[in-house]
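> Following is a predicted model, sequence given first.
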Amino acid sequence: MEEGKLDDLISSLPFEIQKRVVSLLPLKEAVRTSTLSTFWRSLWFPIQLSLDFDPNPLTNEGSGQEIEQVMGMFLRSYACAEKLELNLKVLGHINKELVVKATKGVEQELHVQFFETQNVAAKTCLCLHSNPAQKSSFFGVKLLHLRSVTHLSKPLVSMLLSNCNVLESLRLHKCRELESLEVETESLQSLVVEDCSDISAIVVSAPNLISFEYHGALAQIEMKNTVSLVDVVLDLRDGPGSNEFDCEDVLPILASLKDVEVLTISGWLLEWLCSAGVIFGRLEFKFNKLKELSCIDSVISKDKRDSLACFLNSCPSLMKLSVEIESKLNFIPSPCFHQYWHEPHLWMDFTTVKTNTSNLEQLKSVDLVGFVGKEDELLLMDLLLEKAINLNSLTLV
């Protein structure tokens, strides 16, 4: 059948059948149907509303309730994917608007993006607390994805989370004005924070949290009451950012993750700590439950190789190790620390490093990604082959 005729056949489907087809698709695939034809694109015309918005928490009760009611009506059913666009006129500011674009999917997911006219950058601290005792207006939302949260949109974001009492997954993406984040919720199982370039502090209290991912510059991360946490990603590819850290600041972050089973970490952080004299095997905590470790870095140098060997001494139950070299990552130079934990020990020769590295009796699988045969890469392979006495496979990718 010719392509034009095929387009006509699709376009000739009854509106109800098109909506039904879209309702059976995951949100990402459903949105793609808008490229099939003009008629299918009409399924994605957003519901558009214009409302007044008062960002002042002392006086915004009326406008806040109206916006909450609109969102509640929008989220009362997940029978099909839909879009909502709110154009909020900011009271007291001529020609200033906050645009809220929300997309809901049939898998009880909600994606919200914020845009401002006449935006003036302002740092914001976000506290996201769910209230199980509160009657929820958005009871069905299980996945919430927030993009471009600004200081002006802060009261709307707080309202969203306070009404999502069964929320299981939360993602914050490209929230460039976000300086600190505090999350306290019972139901949350997955939290992702990525590309929030100004963030300096994250505090999480979530007893059912299973997975936590952070992508960005090193921040002060405090995990409280996260007894179910299993899988953590600390992708610190943006380095230390504009913050200053010492061992006393960073070690509590690692200590709060000591019971995880799967950990992805940037290799430069281990090098930083070892260059300040941290000897992982002498710390008061070990990663006794850690089974899978992934270390990502821009290069394997002598110091990075030896700091990884040092860190492995704190992982007695490790079963799978992945070391990944991403040449596109920025090189992070070692800092000048204001104080040292122990005497810096990265000056040791390789023979001493191997002697000081414990046998990895549980390690069965090693994946080395991006290795090209440089001397320090080969020496790391040699160390792993000697210390992983029960190794089943070593894979070069």
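It's in.

> Could you check the pLDDT of the closest residue to residue 257 other than its chain neighbours?
Excluding the flanking residues, the one nearest residue 257 by Cβ to Cβ, 6 or more residues apart in numbering is residue 232, at 5.4 Å. Yep, even glycine has a C-beta here, placed from its N, CA and C like the rest. Looking at residue 232, its pLDDT stands at 98.

> what does the strand or helix carrying residue 232 contact?
Taking DSSP states H and E as the definition, residue 232 sits inside strand 231-235. Contacts to strand 231-235, defined as Cβ atoms under 8 Å, 6 or more residues apart in numbering, come from residues 210-216, 221, 257, 260-266, 269, 296.

> The helix or strand following that strand packs against which elements?
Next along the chain after strand 231-235, taking DSSP H and E as the criterion, comes helix 247-255. In terms of contacts (3 or more Cβ pairs under 8 Å, 6 or more residues apart in numbering; DSSP states H and E), helix 247-255 is packed against strand 220-224, helix 267-275.

> and the angle for helix 247-255 with strand 220-224?
Using axes from the mean of the first three to the mean of the last three Cα atoms, to 10 degrees, the inter-axis angle of helix 247-255 relative to strand 220-224 is 40 degrees.

> average pLDDT for helix 247-255?
pLDDT averaged over helix 247-255 gives 89.

> how close does the residue nearest to residue 257 sit to residue 262?
Counting by Cβ to Cβ, to the nearest Å, the separation of residue 232 from residue 262 is 7 Å.

> Tell me which of the two has more neighbours.
residue 232 (22 against 16; other Cβ atoms under 10 Å).

> what about the residue nearest to residue 220 when sequence neighbours are not counted, how many neighbours?
Sequence neighbours aside, residue 201 is the residue nearest to residue 220 in space, at 4.6 Å (criterion: Cβ to Cβ, 6+ apart). For residue 201, the neighbour count with other Cβ under 10 Å is 14.

> who's in contact with residue 201?
When contacts are taken as Cβ under 8 Å, 6+ apart, residue 201 is in contact with 179-181, 219-222.

> Check which helix or strand the residue nearest to residue 222 when sequence neighbours are not counted maps to.
Leaving aside its sequence neighbours, residue 222 sits nearest to residue 203 (Cβ to Cβ, 6+ apart; 4.6 Å). Residue 203 belongs to strand 201-205 when assigned by DSSP H and E.

> Can you give the strand pairings for that strand, parallel or anti for each?
With DSSP bridges as the test, strand 201-205 is paired with strand 178-184 (parallel), strand 220-224 (parallel).

> Need the residues that contact the helix or strand just after it.
Where DSSP H and E defines the elements, the next helix or strand beyond strand 201-205 is strand 211-215. By Cβ under 8 Å, 6+ apart, the residues outside strand 211-215 that reach it are 189-195, 202, 204, 221, 223, 226, 229-237.

> Can you turn the buried part of those residues into a PyMOL selection?
Buried residues among the contacts of strand 211-215 (16 or more other Cβ atoms under 10 Å), as a PyMOL selection:
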select buried, resi 189+190+191+192+193+202+204+221+223+226+229+230+231+232+233+234+235+236+237
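
> Mind checking what helix or strand follows the helix or strand where residue 322 lies in sequence?
Per DSSP H and E, residue 322 falls inside strand 320-325. For strand 320-325, the succeeding helix or strand toward the C-terminus, using DSSP H and E, is helix 350-356.

> hmm, who's touching the helix or strand following that next one?
Per DSSP H and E, the first helix or strand lying C-terminal to helix 350-356 is strand 365-369. Here strand 365-369 makes contact (Cβ under 8 Å, 6+ apart) with 319-325, 377, 381, 384, 388, 391-397.

> In PyMOL, select just the buried ones from those residues.
Applying 16+ other Cβ under 10 Å to the contacts of strand 365-369, the buried members can be selected in PyMOL as follows:
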select buried, resi 319+320+321+322+323+324+325+377+381+384+388+391
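
> any idea which of the helices and strands packed on helix 247-255 is most buried?
Among those, helix 267-275 has the highest mean neighbour count (mean count of other Cβ atoms under 10 Å), at a mean of 24.

> Much appreciated, bye for now.
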